[in-house]
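In: quick one, structure for this:
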Amino acid sequence: MAFPNILLILADDMGYSDLGCFGSEIRTPNLDALAAGGMRFTQAYNCARCCPSRASLLTGLYPHQAGIGHMVQDAGVPAYQGYLRDDCATLAEVLSPAGYLTGLSGKWHAGGAWRRTPEAVSTWDLNDPRRPLPTHRGFERFYGNAAGGGSYFNPRPLVEQDRIVDPQPGFYTTDAYTDAAMRMVDEAHGAGRPFFVHLCYNAPHWPLHALPEDIERYRGKYRGGWDALRKARHEQLKGLGILDKRWDISPRDPNAPPWEHIKLRDWEDLRMAVYAAQVDRMDQNIGRLVQHLRQLGILDNTLILFLSDNGGCAEFLAEDGQKQREWPVTLDGRTVRCGNIPGLEPGGPDTFMSYDLPWANASNSPFRLFKHWVHEGGISTPLIAHWPATVRPGGISHAPLHVIDIAATIIDVAKAQYPAELRGKAIQPLEGESFAAALSGRDWQRSRPIFFEHEGNRAVRDGDLKLVSRHPGQWELYDMSRDRTELDDRSSRYPDVVSDLAHRYDQWADRCGVLPFEQVRQMQRARRGG
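Out: Take a look at the predicted model:
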């Protein structure tokens, strides 16, 4: 069989239960079809935040080993430099020598910090080694936002290859990024080459930006509120066989008010409706891309992987405690109204809102906490694998795995050679473990524990045991086979287990260059000059 094509699709800030095939009421027929024709992984993990997850996904290393141990701000040490290190190899750098055409379409967010206000345009330097583009890290083709997220209608800086381009009237990121991915597929197909295309949507990350026809499909559907939505999704997840029926739903987050206390219900309904519309539009575009592969006659030998970079996002339009600074005008020159302004309808290009903590709590049903934390609500992702030539339809795997394993698996199925060095520099060995055996229907389990650290939040999962701490709190211990929703802390009953897992975590943290979060912030502030 010829080398498989590989399509790696990444959603942004999408919760565990936001797809129909993972319990949602949101219309996602195309992803549901991929799941039905392929395999769902129910215990897949990311790194709790956008750029750390992307660094791990691209390299098969933990974020600190890849250079993005926190975010894209430079702290002056390799583990926290804010962009991909020279001693790691991206999937593009591994697959290109194997003959693959490599392309990235969409959100990059692995190349340092960018200032994205109109007055900063003159400072954008596309040749700065501290802000590498995908084309500097092995990708032959790139189209997307070099910085990260932002407006869906007027993203900045929008880059094609190595030049800044302007979005045109009618631009919408989800559609445009899919169009670019299709062009990359067509180029590879025309040249008779296999492709590795990494399609990185910014949907459904805030701001709440969606097209009117998609919004109207959901307006009024969330008048029942977040409490009812959480319960409905939990029941659906159990019915689908995704969750063990023994796992109780976590209580409503203490920072989310009961729905009956909400007065502006139409506005809250509409915020969730716009979020749902963003997911819906992403699914429509994935369907468009899958149909294109089918028409080209290459769908059967294309491995499609879909996942999210972290759990649902409870942020109130802020990253790391800073007010979001975003391009403040629309394409036609109108001022953007930034903030969750009660009564203001979200969705249009002149608004900049988030759906906020209570709805994120529903997105992560039935788990606790959100993006940023390493309890299950922050790190659990739906993962779908579709590959008709290899994957049997309708499979479900409950084996725990991590985004570092995705890189290892892609390299494995592509029969590529992972290098010992790159550009004359020794490369760190892969941390991930290939789960290609699971794709072929064989039994597979990781041989090593999985580790997490983000902003002082830390965890280790070894088999059915998970040790986890919410910064600056103490360790908690959970038996994930009995209690994946993390309701029964067993740490006081099994101190020896806590001690052993904590020791293993400390060894990992020392090996990977993990630093106390307060120290990292001080170093970042010092680099910025205060």
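In: just give the nearest non-adjacent residue to S481, would you?
Out: Using Cβ to Cβ, 6 or more residues apart in numbering and skipping residues adjacent in sequence, the residue nearest S481 is D464, 4.2 Å away. Using the backbone N, CA and C atoms, a C-beta is placed for each residue, glycine as well.
In: how much space between the one you found and I242?
Out: 17 Å (Cβ to Cβ, to the nearest Å).
In: so for these two, which sits in the more crowded spot?
Out: I242 (20 against 13; other Cβ atoms under 10 Å).
In: how about that one, what does it touch?
Out: Residues counted as contacts of I242 (Cβ atoms under 8 Å, 6 or more residues apart in numbering) are 22-23, 40, 42, 396.
In: what does R446 give?
Out: Counting by Cβ under 8 Å, 6+ apart, R446 has contacts 399-402, 405, 433.
In: between these, which is nearest L104?
Out: D405 (20.2 Å; Cβ to Cβ).
In: need the contact list for the closest one.
Out: 60, 432-435, 446.
In: now with 10 Å, please.
Out: Applying Cβ atoms under 10 Å, 6 or more residues apart in numbering, one finds that D405 lies in contact with 41, 44-45, 56-57, 60, 399, 412, 430-436, 438, 444, 446, 450.
In: and these, which of them are in helices?
Out: 56-57, 412, 436, 438 (DSSP state H).
In: now stretch 262-282: buried residues?
Out: 267-282 (16 or more other Cβ atoms under 10 Å).
In: of all these, which comes closest to T90?
Out: M282 (23.8 Å).
In: format the contacts of R446 as TSV; extra columns: pLDDT and distance to L229.
Out: What follows is the contacts of R446, written out as TSV (pLDDT from 0 to 100; distance: Cβ to Cβ, whole Å):
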residue	pLDDT	distance to L229
A399	97	29
P400	98	27
L401	98	28
H402	98	28
D405	98	31
E433	98	36
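In: whichever of the residues you listed end up buried, select them in PyMOL.
Out: Burial among the contacts of R446 is assessed by 16+ other Cβ under 10 Å; the matching PyMOL selection reads:
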select buried, resi 399+400+401+402+405+433
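In: nearest to T335, of the contacts of R446?
Out: H402 (42.7 Å).
In: list the residues that contact that closest one.
Out: 43-47, 53, 56-57, 60, 62, 379, 408, 431-433, 446, 448-452, 461.
In: do R131 as well
Out: Residues near R131 by Cβ under 10 Å, 6+ apart: 72, 74, 82-83, 108, 111-114, 124-125, 146-147.
In: in what helix or strand does it lie?
Out: Using DSSP states H and E, R131 sits within no helix or strand.
In: can you check G138 too?
Out: Using DSSP H and E, no helix or strand contains G138.
In: my guess is E421 contacts C88. True?
Out: No: at 11.5 Å, E421 and C88 do not qualify as touching, with contact defined as Cβ atoms under 10 Å.
In: the more surrounded of these two?
Out: C88 (21 against 10).
In: tell me how far the more buried one lies from R521.
Out: 24 Å.
In: cool, and F306?
Out: The value you get for F306 to R521, if Cβ to Cβ is used, is 34 Å.
In: where do the helices sit along this structure?
Out: Using DSSP H, helices in the chain cover 29-36, 50-59, 63-66, 91-95, 173-191, 212-216, 225-239, 265-296, 356-363, 376-379, 403-413, 436-439, 495-512, 517-528.
In: which one of the ones you listed lies nearest to L317?
Out: The nearest among the helices of the chain, by Cβ to Cβ, is helix 356-363 at 9.1 Å.
In: that closest one packs against which elements?
Out: helix 225-239, helix 265-296, helix 376-379 (3 or more Cβ pairs under 10 Å, 6 or more residues apart in numbering; DSSP states H and E).
In: what mean pLDDT does it get?
Out: Mean pLDDT, helix 356-363: 98.
In: list the buried ones in that helix?
Out: For helix 356-363, by 16+ other Cβ under 10 Å, it's 356-363.
In: do stretch 440-459 as well
Out: 444, 446, 449-459.
In: reformat these as CSV; add pLDDT.
Out: Converted to CSV, those look like this (pLDDT from 0 to 100):
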residue, pLDDT
W444, 97
R446, 97
P449, 98
I450, 98
F451, 98
F452, 98
E453, 98
H454, 98
E455, 98
G456, 98
N457, 98
R458, 98
A459, 98
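In: out of the helices and strands in the chain, which is least certain?
Out: Within the chain, confidence by mean pLDDT, DSSP states H and E is lowest for strand 322-323 among all helices and strands, at a mean of 50.
In: which residue ranges of the stretch 351-500 of the chain form strands?
Out: Counting by DSSP state E, counting those that start in this stretch, one finds strands in the stretch 351-500 of the chain at the ranges 351-352, 380-386, 395-397, 401-402, 421-422, 425-426, 450-454, 457-462, 465-469, 476-479.
In: so which of the ones you listed comes closest to R141?
Out: strand 421-422 (20.0 Å).
In: count of residues packed around D309?
Out: 28.
In: wait, it sits on T381?
Out: Yes: using Cβ under 10 Å, D309 is in contact with T381, at 7.7 Å.
In: what sits in contact with each of these two?
Out: The contact sets of D309 and T381 overlap at 10-11, 14, 46, 53, 403 (Cβ under 10 Å, 6+ apart).
In: could the strands of the stretch 351-500 of the chain go into TSV alongside distance to P169?
Out: Shown next, in TSV, are the strands of the stretch 351-500 of the chain (distance: least, Cβ to Cβ, whole Å):
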stretch	distance to P169
strand 351-352	18
strand 380-386	34
strand 395-397	44
strand 401-402	42
strand 421-422	42
strand 425-426	45
strand 450-454	39
strand 457-462	42
strand 465-469	48
strand 476-479	51
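In: among the ones you listed, which comes closest to L104?
Out: strand 421-422 (17.9 Å).
In: out of the contacts of R131, who has the most neighbours?
Out: Counting neighbours by other Cβ under 10 Å, W108 comes out on top of the contacts of R131 with 28 neighbours.
In: picking up where we left off before, out of the strands of the stretch 351-500 of the chain, which comes closest to R183?
Out: Of the strands of the stretch 351-500 of the chain, the one closest to R183 (Cβ to Cβ) turns out to be strand 380-386, at 21.6 Å.
In: note down every partner strand of that closest one and its orientation.
Out: strand 39-45 (antiparallel), strand 302-308 (antiparallel) (DSSP bridges).
In: looking at those, which is closest to Q236?
Out: Using Cβ to Cβ, the nearest of the strands paired with strand 380-386 to Q236 is strand 39-45, at 13.5 Å.
In: quick check: mean pLDDT across that closest one?
Out: 98.
In: mind listing what's buried along that strand?
Out: For strand 39-45, by 16+ other Cβ under 10 Å, it's 39-45.
In: and for G23, the neighbour number?
Out: Using other Cβ under 10 Å, G23 is surrounded by 24 other residues.
In: what does T302 give?
Out: 22.
In: for it, give the beta-bridge partners.
Out: Beta-bridge partners, per DSSP bridges, of T302: N5.
In: and P388, which of the helices and strands packed on helix 356-363 is closest to it?
Out: helix 265-296 (10.3 Å).
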